[in-house]
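Enquirer: got a predicted model here, sequence first, then my questions.
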Amino acid sequence: MEENLIQKAIDSALKCKWSEAVKINLFILKKDKNDIDSLNRLARACFEMGQIKKAKLTSKKALVINPKDNIALNALEKYKNCSQNKLKQVSQGNIDTSVFIEEAGKTKLTTLINLGSNKTISSLSSGDEAVLIIHVHRVTVNTVDGKYIGKITDDLSARLRSLVKEGNTYRVFIKSTSKNCLRVIIKENKKGKGLENVISFPRETSESICESFSDSNL
């Protein structure tokens with residue numbers, strides 16, 4: 001029964017049903033007030049609904065239980081830079097789009113494949129910064145605290161590995177999430193020496209496309 005409730009809480013977050021997520025996580029916490037995962041999910045739901053004080057207090061409760069909990073620590077850092085009005089705008093879908101401004105050849109919107117756990121995906125918000133991890137034969141995206149999010153498609157991965165090897169650096173941000181689809185925007189941060197005239201993302205660079213996915217859930 002408890003596992004079903006946890007899954008329902010995760011599904012509610014993935015579907016952006018924040019009011020429902022609040023109710024389910026509060027119900028779980030009535031049985032176990034020290035459930036850090038539920039506290040973090042509750043804080044996220046409050047944040048998305050624009051309830052900054054509740055979000056902060058909930059994350060602080062998680063840190064009382066575990067002062068080193070990365071999710072709660074990262075959440076509080078995010079809340080420091082968000083006013084009450086800004087959080088209300090987030091809950092209405094009017095997020096700060098500055099990180100999503102596209103520059104021809106310097107930014108790339110792409111869909112990740114082989115996604116990580118629902119627990120990790122449900123903890124992400126549009127605008128969150130993530131980390132590109134360059135491997136020998138692939139490129140993956142992790143959260144800032146090291147949790148696996150997903151993999152870059154092979155064609156784009158090959159180009160990124162080559163450019164990073166030559167000295168380019170990139171930043172990556174979460175664009176949108178759903179249960180089966182997660183899109184990120186990759187931004188060129190700095191060009192390597194001798195790459196001044198090399199375009200990071202030519203128009204012909206392909207990307208995977210989520211079936212039945214729309215940006216309307218942003």
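Expert: Sure thing, it's come through.
Enquirer: burial of residue 19, as a residue count?
Expert: Residue 19: 10 surrounding residues under other CB atoms under 10 Å. (Each C-beta comes from the backbone N, C-alpha and C, glycine too.)
Enquirer: am I right that it is in contact with residue 50?
Expert: No: applying CB atoms under 8 Å as the test, residue 19 and residue 50 come out as separate, 11.8 Å apart.
Enquirer: isn't there a helix covering residue 46?
Expert: Yes: assessed by DSSP: H, G, I helix; E, B strand; the rest coil, residue 46 belongs to a helix.
Enquirer: and the pLDDT for it?
Expert: The score at residue 46 is 91. That number is its pLDDT.
Enquirer: who does residue 169 form a beta bridge with?
Expert: residue 190 (DSSP bridges).
Enquirer: distance of it relative to residue 122?
Expert: 29 Å (CB to CB, to the nearest Å).
Enquirer: who has more neighbours out of these two?
Expert: The residue with more neighbours, out of residue 169 and residue 122, is residue 122; 20 against 13, by other CB under 10 Å.
Enquirer: not counting its neighbours along the chain, what's nearest that one?
Expert: residue 13 (3.9 Å; CB to CB, 6 or more residues apart in numbering).
Enquirer: quick one: residues contacting that neighbour.
Expert: By CB atoms under 8 Å, 6 or more residues apart in numbering, the residues touching residue 13 are 21, 41, 44, 45, 122, 123.
Enquirer: give me the domain ranges for the protein.
Expert: Here the domain parsing of the chain from automatic domain parsing is 2-91, 97-217.
Enquirer: among the ones you listed, which is the most enclosed?
Expert: domain 2-91 (a mean of 17; mean count of other CB atoms under 10 Å).
Enquirer: worst-scoring helix or strand of this structure, pLDDT-wise?
Expert: helix 84-91 (a mean of 45; mean pLDDT, DSSP states H and E).
Enquirer: for residue 132, helix, strand, or coil?
Expert: strand.
Enquirer: thought it was touching residue 173?
Expert: No: Residue 132 lies out of contact with residue 173 (CB under 8 Å); the separation is 11.0 Å.
Enquirer: so who does residue 141 touch?
Expert: Residue 141 neighbours (CB under 8 Å, 6+ apart): 112, 130, 131, 132, 133, 149, 150, 151, 152, 172, 184.
Enquirer: out of the residues you listed, flag the one nearest to residue 67.
Expert: residue 131 (23.1 Å; CB to CB).
Enquirer: show me what the closest one is bridged to.
Expert: Using DSSP bridges, the bridge partners assigned to residue 131 are residue 142.
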